[in-house]
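Undergrad: I need the structure of the sequence given here:
(chains A, B and C)
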Amino acid sequence: MTTAPERAQAPAWSAELHAQAQQFYAHQMQLLDLGEAERWAGTFTEDATFAVPTLPEPVRGRAGLVAATRRTAAGLAAAGQRHRHFIGMLDVRPRPDGAVDVRSYAIVYASQIGGESQVHRVCVCEDVLVRQDGELRVSARTVTRDDLA
Amino acid sequence: MTTAPERAQAPAWSAELHAQAQQFYAHQMQLLDLGEAERWAGTFTEDATFAVPTLPEPVRGRAGLVAATRRTAAGLAAAGQRHRHFIGMLDVRPRPDGAVDVRSYAIVYASQIGGESQVHRVCVCEDVLVRQDGELRVSARTVTRDDLA
Amino acid sequence: MTTAPERAQAPAWSAELHAQAQQFYAHQMQLLDLGEAERWAGTFTEDATFAVPTLPEPVRGRAGLVAATRRTAAGLAAAGQRHRHFIGMLDVRPRPDGAVDVRSYAIVYASQIGGESQVHRVCVCEDVLVRQDGELRVSARTVTRDDLA
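TA: Model (predicted):
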């Protein structure tokens, strides 16, 4: 007799997972835009990697995420600007191992306080989400920008 | 023996609530952009408050919402423009009392008929939603604009 | 004795349907932006119609969709540009016959590689979705552009 319990338990796409992912991104990116650097970093796993095209190598771990977020927040405040990260178009793909691949679009809007609002960046965000204590967290994020080769 | 029936009945976040909120905002803001002033106002409670930074005090009640919406629609028509309100990034938080806090991002796009389309406003929308006759309605809305101090 | 089996089976709005529609649009439009012309066309029914304001009559059938998508992809590559179609604000309305009407907003962002990103088009997308082999597919799409009369 053969059994395939792992396959039987492999998670499938569900409406519940899709809604959870949407709630996760809304909350996560609102924390970023609020400058809540430590709570933002807490939505990643301890050893998460974060790769963006403007850095020579990925940020690794929460301390690096906090530092990068604080630098960005300070720069925006000094320039009198606000950024909003608008994530959507979530293509949610559960993996056999229980992790979840999510490929989404991330539009960054920039507003000059006392001035204009405009599109700042158009990005594609490829995440691996995992569950820890029942909560979704990012274990690996790779961001690409449409304006870069 | 101790019991905590209120706590037991306190609503929790659910995928169903998140999807209902998304459907609510899509329908509500499409009504606004269609200029359906009375149906738009009907998605608020009778005594709803609506606070925006460009008014000295909140609009109160549906009649005020209808009047404000008609003024805006007339102004856009006269200018040969169309606006679209794109709501997303819903951070949905049920309250113990059954109401629902939703903090979302609202991007307003403006198009000149025969001309260009662009970002008009980048806003944060903080709502209190309640249920009446099974339907979600806004009882209080506070909108802030990223381009204003 | 009277029975109303059709009415009893008429589909209602559900959170599951709304999430399925969101997953469908995310996947479908990512295929378009990736230039995956045949997989994109496969998300429409064989005899689907696709009406856009810049064509004198609707495209009919998958071969036409593939050809139109390849032309657009080649034009963008030649111009050193990338487009992203960001769909949201889904107003999902099941029909009594089992099809689903979805009216959504579609923002098209354009990025010049090595240059700027901006809003390219603001569109309203009116679809009729049907199920084939359990999968949602578009049987009719009508797109309007806010910048055109």
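Undergrad: Tell me, how many residues neighbour A:I87?
TA: When neighbours are counted by other CB atoms under 10 Å in any protein chain shown, A:I87 registers 23. (Each C-beta comes from the backbone N, C-alpha and C, glycine too.)
Undergrad: State whether A:Q28 is indeed within a strand.
TA: No - per DSSP: H, G, I helix; E, B strand; the rest coil, A:Q28 lies outside any strand segment and is helix.
Undergrad: quick one, phi psi at the nearest residue to it once chain neighbours are set aside?
TA: In this structure, A:Q28 finds its nearest non-sequential neighbour in A:T43, 4.5 Å apart by CB to CB, 6 or more residues apart in numbering or on different chains. Note on A:T43: backbone dihedrals following degrees, to the nearest 10 are phi -90, psi 0.
Undergrad: Same check on A:V122?
TA: The phi/psi pair for A:V122 (degrees, to the nearest 10) is phi -120, psi 120.
Undergrad: who's in contact with it?
TA: Residues near A:V122 by CB atoms under 8 Å, 6 or more residues apart in numbering or on different chains: A:Y105, A:A106, A:I107, A:V108, A:R145, A:D146, A:D147, C:R82, C:R84, C:Y109, C:S111, C:S117.
Undergrad: now for these, which pair is the farthest apart?
TA: Farthest apart among the contacts of A:V122 by CB to CB are A:V108 and C:R82. That separation is 15.2 Å.
Undergrad: Comparing these two, which shows the higher neighbour count?
TA: Under the neighbour definition other CB under 10 Å, A:V108 and C:R82 were set side by side, and C:R82 has more, 20 against 17.
Undergrad: The helix or strand containing A:T142 pairs with which strands, parallel or anti?
TA: Remark: A:T142 resides in strand A:135-145, with elements defined by DSSP states H and E. Its sheet considered, strand A:135-145 pairs with strand A:44-51 (parallel), strand A:117-132 (antiparallel) by DSSP bridges.
Undergrad: residues making contact with that strand?
TA: Under CB under 8 Å, 6+ apart, the answer for strand A:135-145 is A:20-21, A:24, A:28, A:43-45, A:47-53, A:99-100, A:106, A:121-131, C:111.
Undergrad: where does chain A dip in pLDDT?
TA: A:1-10 (pLDDT under 70).
Undergrad: That one against chain C: which residues are in contact?
TA: Neighbours of chain C within chain A, by CB under 8 Å from any CB of the partner chain: A:13, A:15-16, A:18-19, A:22, A:88-92, A:103-105, A:107, A:118-122, A:124, A:145-149.
Undergrad: can you do 7 Å?
TA: Of all the residues in chain A, those in contact range of chain C (CB under 7 Å from any CB of the partner chain) are A:13, A:15, A:18-19, A:88-92, A:103, A:105, A:107, A:119, A:121-122, A:146-147, A:149.
Undergrad: Quick check on these: which are buried?
TA: A:15, A:18-19, A:88-92, A:103, A:105, A:107, A:119, A:121-122, A:146-147 (16 or more other CB atoms under 10 Å in any protein chain shown).
Undergrad: Tell me which of these fall in strands.
TA: Of these, the ones assigned to strands by DSSP state E are A:G88, A:M89, A:L90, A:D91, A:V92, A:R103, A:Y105, A:I107, A:V119, A:R121, A:V122.
Undergrad: give me every residue that touches the residue nearest to the third one when sequence neighbours are not counted.
TA: Sequence neighbours aside, A:S104 is the residue nearest to A:L90 in space, at 4.8 Å (criterion: CB to CB, 6+ apart). When contacts are counted by CB atoms under 7 Å, 6 or more residues apart in numbering or on different chains, A:S104 touches A:I87, A:G88, A:M89, A:L90, A:C125.
Undergrad: Surely the fourth one touches A:Q22?
TA: By that I understand A:L90. Yes - at 6.3 Å, A:L90 counts as touching A:Q22 under the criterion of CB atoms under 7 Å.
Undergrad: Give me the common contacts of the two.
TA: Counting by CB under 7 Å, 6+ apart, A:L90 and A:Q22 have no contacts in common.
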